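Enquirer: Sequence plus the predicted model coming up.
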Amino acid sequence: MEKSMQDQRKLEAFGRLLKIMDELREQCPWDRKQTMESLRNLTIEETYELADAILAGDLDEVKEELGDIMLHMVFYAKIADEKGAFDIADALNAVCEKLIKRHPHIYGDVKVNGEEDVKRNWEQLKLKEGKRSVLAGVPNSLPAMVKAYRMQEKTKQVGFEWENAEQVWEKVEEEIAEFKETLSPEFTQEKREEEFGDVLFSLVNYARFQGIDPETALERVNQKFKKRFEYIEAHAGKDLQEMSLEEMDALWNEAKK
């Protein structure tokens, strides 16, 4: 009975959002003016704000950002409905059908032995549905590091994978050596960039083998660097351009404490 009441509360909240969206689209000049294209960058911004809240472990902020993103999803569906393309029910039913179809171990008689089997079956089912490539689902506009990780994860599901982490680390060392060769004057900047990209790609692969999300790891370092450098700025006592590197480094070491 309690679960039924909780489900009803959730449905009522979603219905409330749909009603408010209808009212805003009809009555608010700003909301009436928006298009899918005008919302796109705002949605990307909201997604990054959610990502920041997750890294910060701030669940109140996560709740707020989830609401903002849900509003955007309802907004897109409202615009599509006005165009006669689809409505929010069509979008929700489509993802429900996809989830049922791609989880035959839950809704069918397929047996799996763990997470890796589930992911492998998911990619195989996508190919059977007519996807051109296992990489077709990786958006072109993803940040490069996230894209590298996702491509490596996807090709793993069809067997394109190293056997162990030691092999991957050997590849990292090989790529670093090749990059160092390009530092001599006879190599072009374009070649250096290419080899440096190979180093980063191989490091992302090694991180994946070690269960590390490289994007999250780098962002945590970004935040740590920002916090420590802001400490230097706050405690410098004079213009940073007038300080020696040794003076700034001393404050950096203080910040580390």
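Expert: Structure received. Remember, it's a predicted structure, so these values are computed and weren't measured experimentally. Numbering: from 1, shown residues only.

Enquirer: what's the pLDDT at residue 1?
Expert: Listed pLDDT for residue 1 reads 62.

Enquirer: ah, wrong one, I meant residue 7
Expert: Residue 7 is given a pLDDT of 89.

Enquirer: so how far is residue 245 from it?
Expert: Distance of residue 7 to residue 245, computed by Cβ to Cβ, to the nearest Å: 61 Å. In this view, the C-beta of every residue, glycine as well, is placed from N, C-alpha and C.

Enquirer: got it, and residue 89?
Expert: Using Cβ to Cβ, residue 89 is found at 62 Å from residue 245.

Enquirer: Who has more neighbours out of these two?
Expert: Using other Cβ atoms under 10 Å as the criterion, residue 89 and residue 245 rank with residue 89 on top: 11 against 8.

Enquirer: how near is the more buried one to residue 202?
Expert: From residue 89 to residue 202 the distance is 46 Å (Cβ to Cβ).

Enquirer: Give me the nearest residue to the most centrally placed residue in the chain, chain neighbours excluded.
Expert: Closest residue to the average C-alpha location of the chain: residue 146 at 6.3 Å, with Cα atoms, centre = their mean. Excluding its sequence neighbours, the residue lying closest to residue 146 (Cβ to Cβ, 6 or more residues apart in numbering) is residue 215, at 5.1 Å.

Enquirer: Would you mark the buried spots in the helix or strand hosting the one you found?
Expert: Here residue 215, judged by DSSP states H and E, is contained in helix 214-235. In terms of neighbour count (16 or more other Cβ atoms under 10 Å), helix 214-235 has its buried residues at 214, 215, 231, 232.

Enquirer: who does that helix touch, helix- and strand-wise?
Expert: In terms of contacts (3 or more Cβ pairs under 8 Å, 6 or more residues apart in numbering; DSSP states H and E), helix 214-235 is packed against helix 36-56, helix 144-156, helix 189-209, helix 245-256.
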